[in-house]
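Peer 1: Give me a model of this one.
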Amino acid sequence: QLAMCLLHVAGGIVGYVLPAIAGYDETVRRTTAIETAMKSSAFGFLLASLHFSSFAVRVPAAVSVVWMSLVGSIMAVIWRYIPANTKEA
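Peer 2: Prediction:
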């Protein structure tokens, strides 16, 4: 469980830091972080379903979907109440 949670948290952090390094504004950073944190779980479940007959192989990806939803939703709720400091061009 911890590894799956950390996968999505790390994805969110990397999705926030890399656009910051590249010079993007806060809105782009937040969007990229949420999108990055909420990827790959459903795809992992699909691949496990297609390539393995055992249902046990599908469980980690299915549990990861729950963590993906929680992490992405928490990030969105937190950032909803913290104003983004955007630079006007």
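Peer 1: How many residues are close by His8?
Peer 2: Neighbour count for His8, taken as other Cβ atoms under 10 Å: 23. (C-beta placed from N, C-alpha, C; glycine too.)
Peer 1: Could I get the full set of helices for the chain?
Peer 2: Along the chain, the stretches classed as helices by DSSP state H are 2-22, 26-37, 41-51, 59-80.
Peer 1: how about a markdown table for those, with mean pLDDT added?
Peer 2: A markdown table is the format used below for the helices of the chain (pLDDT from 0 to 100):
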| stretch | mean pLDDT |
| --- | --- |
| helix 2-22 | 89 |
| helix 26-37 | 90 |
| helix 41-51 | 79 |
| helix 59-80 | 87 |
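Peer 1: Buried deepest among those, which one?
Peer 2: helix 26-37 (a mean of 19; mean count of other Cβ atoms under 10 Å).
Peer 1: Could you list the residues in contact with that one?
Peer 2: With contact meaning Cβ atoms under 8 Å, 6 or more residues apart in numbering, helix 26-37 is reached by 8-9, 11-16, 18-20, 24, 68, 71-72, 75-76, 79, 84-86.
Peer 1: What is the distance between that helix and the centre of its chain?
Peer 2: Helix 26-37 sits 9 Å away from the centroid of its parent chain (Cα atoms, centre = their mean, to the nearest Å).
Peer 1: Output it in PDB, but only the C-alpha positions, please.
Peer 2: The C-alpha trace of helix 26-37 is given here as PDB (Å, rounded to 0.1, in the frame of the first residue of the first chain):
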ATOM      1  CA  GLU A  26       1.900  28.100 -11.100                       C
ATOM      2  CA  THR A  27      -1.200  27.100 -12.900                       C
ATOM      3  CA  VAL A  28       0.700  24.900 -15.400                       C
ATOM      4  CA  ARG A  29       2.700  23.400 -12.500                       C
ATOM      5  CA  ARG A  30      -0.400  22.400 -10.600                       C
ATOM      6  CA  THR A  31      -2.100  21.000 -13.600                       C
ATOM      7  CA  THR A  32       0.900  18.900 -14.600                       C
ATOM      8  CA  ALA A  33       1.300  17.700 -11.000                       C
ATOM      9  CA  ILE A  34      -2.300  16.500 -10.700                       C
ATOM     10  CA  GLU A  35      -2.200  14.900 -14.200                       C
ATOM     11  CA  THR A  36       1.000  13.200 -13.500                       C
ATOM     12  CA  ALA A  37      -0.200  11.900 -10.100                       C
END
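Peer 1: Thanks a lot, catch you later.
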